[in-house]
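> The sequence and its predicted three-dimensional model are supplied below.
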Amino acid sequence: MTLPFEIALSEQKSPQEFIAYYKENEQKIDEELSKYGALKFKNVAINSTEDFEAITAALSSKFLNYVNGNSPRKKLSNHVYTSTEYDKSQIITMHNEMSYSASWPKRLFLSCITVSETGGETLLADSKEILNKMNPTIVNDIKTKGIKYIRNLHGGDGFFGNSWQDTYETTNKEEIEAYLKASEIDFTWKADNSLRIVQSRHGLNKHPDTGEDVWFNQIEHFHPCHLGDEIYEVIQSVYESPLDYPMYVTYGDGSPIDVEIIEEIVTTIDSLTVAPKWNTNELLILDNERVCHGRNSFTGDRLVLVSMS
């Protein structure tokens, strides 16, 4: 199955015209999203943050802020962010958005305002197909042990990783602690004003609508070996223990996940990944549990907007 399923409108529609079209065909659109996991509408006039915000606000009423997020982003309005501010030279590995967290968005809305010179595709892969193709031993280990995600957020002056101020969109430690406790996230304030958080998750999910088992995690994204040998070696030389890395992942019982396993996971997912090119005036909707996504490296300027609901 080719992702995304494209719906080319016969003529370009203004934001208000597209909203009316969507509302009129909402049942059919929901059925197609359930079938394919990713829909791309073409010929939707989205030329600004305001256009994108107007459309997404009409399509959903419950948006998630990117609190506890692990990718650098800019917040542009109440529920609109840049898709990522991650280094353009790096590929963002495949993941289901915030699958390491206690709660995650059901749907992602994306639109490209500025198309990069080369690369920059939003990469897509079917999470059900990934699970079906993954080495059964790896699947069984995740199913029986679970996954533990570890993050060390610096206090604002660190070189690697994100700060806790940016991650939680506040400088108030009491507010952060209240959020972490409510989300059942283990945390420790360290002597250097950094914050360690540990989140235990299943790594596999049953899709809430279809009941099908799906691959739902960010294992390779949290293990720094995916950054390449040179950067991984620098990280290893800087920190005394992997538990001090900006991001790290183990099995749920604390045992390490071998680099060879990470590499096999990446290879399997890569074999199912597609890289549909962006054009302007498109709206991409993803079922976050059915389809995982990433980002290709790119040259030139690139601006992709995202809202999560």
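Now that the structure is in, tell me what you want to look at.

> Partner strands of the host helix or strand of residue 293 and their direction?
Secondary structure from DSSP states H and E places residue 293 in strand 291-295. When sheet partners are counted by DSSP bridges, strand 291-295 sits next to strand 92-95 (antiparallel), strand 122-126 (antiparallel).

> so how far is stretch 90-108 from its chain's centroid?
Stretch 90-108 sits 3 Å away from the centroid of its parent chain (CA atoms, centre = their mean, to the nearest Å).

> Same question for stretch 301-309.
11 Å.

> swap in stretch 140-149?
20 Å.

> circling back: moving C-terminal of the strand holding residue 293, what's the next helix or strand?
Strand 291-295 is succeeded, C-terminally, by strand 298-299 (DSSP H and E).

> which helices and strands does the following helix or strand past that following strand pack with?
Next in sequence after strand 298-299, counting helices and strands by DSSP H and E, comes strand 303-308. Packing partners of strand 303-308 (3 or more CB pairs under 8 Å, 6 or more residues apart in numbering; DSSP states H and E): helix 49-59, strand 81-82, strand 107-114. C-beta here means a position set from N, CA and C on the backbone, and glycine is covered the same way.

> Among those, show the one with the smallest mean pLDDT.
Among these, strand 81-82 carries the lowest mean pLDDT, a mean of 86.

> contact partners of that strand?
Around strand 81-82, the neighbours that count as contacts under CB atoms under 8 Å, 6 or more residues apart in numbering are 66, 73, 74, 75, 76, 303, 304, 305, 306, 307.

> Would you map the helices across this structure?
Using DSSP state H, the helices of the chain run over 15-24, 26-36, 49-59, 127-133, 136-145, 164-168, 173-182, 219-222, 229-238, 259-270.

> Pick the most buried one from those.
helix 219-222 (a mean of 24; mean count of other CB atoms under 10 Å).

> elements contacting that helix?
strand 92-95, strand 147-153, strand 247-251, helix 259-270.

> switch the cut-off to 6 Å
Secondary-structure packing of helix 219-222 (3 or more CB pairs under 6 Å, 6 or more residues apart in numbering; DSSP states H and E): strand 92-95, strand 247-251, helix 259-270.

> So for residue 278, which of these sits nearest?
Of all the helices and strands packed on helix 219-222, it is strand 92-95 that lies closest to residue 278, at 14.5 Å by CB to CB.

> Put the alpha carbons of that closest one into PDB.
The C-alpha coordinates for strand 92-95 follow below in PDB (Å, rounded to 0.1, in the frame of the first residue of the first chain):
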ATOM      1  CA  ILE A  92      14.900  12.100  12.000                       C
ATOM      2  CA  THR A  93      14.300   8.400  12.500                       C
ATOM      3  CA  MET A  94      10.800   6.900  12.300                       C
ATOM      4  CA  HIS A  95       8.500   7.300  15.300                       C
END
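
> closest one to residue 36 among the helices and strands packed on helix 219-222?
The nearest among the helices and strands packed on helix 219-222, by CB to CB, is strand 92-95 at 17.2 Å.

> Now render the helices and strands packed on helix 219-222 as TSV, adding distance to residue 281.
Formatted as TSV, the helices and strands packed on helix 219-222 follow (distance: least, CB to CB, whole Å):
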stretch	distance to residue 281
strand 92-95	24
strand 247-251	35
helix 259-270	30
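
> rank the strands paired with strand 291-295 by pLDDT, which is bottom?
Of all the strands paired with strand 291-295, mean pLDDT reaches its minimum on strand 92-95 (a mean of 90).

> So what touches that one?
Identification of contacts with strand 92-95 by CB atoms under 6 Å, 6 or more residues apart in numbering yields 86, 125, 218, 220, 221, 226, 269, 292, 294, 295.
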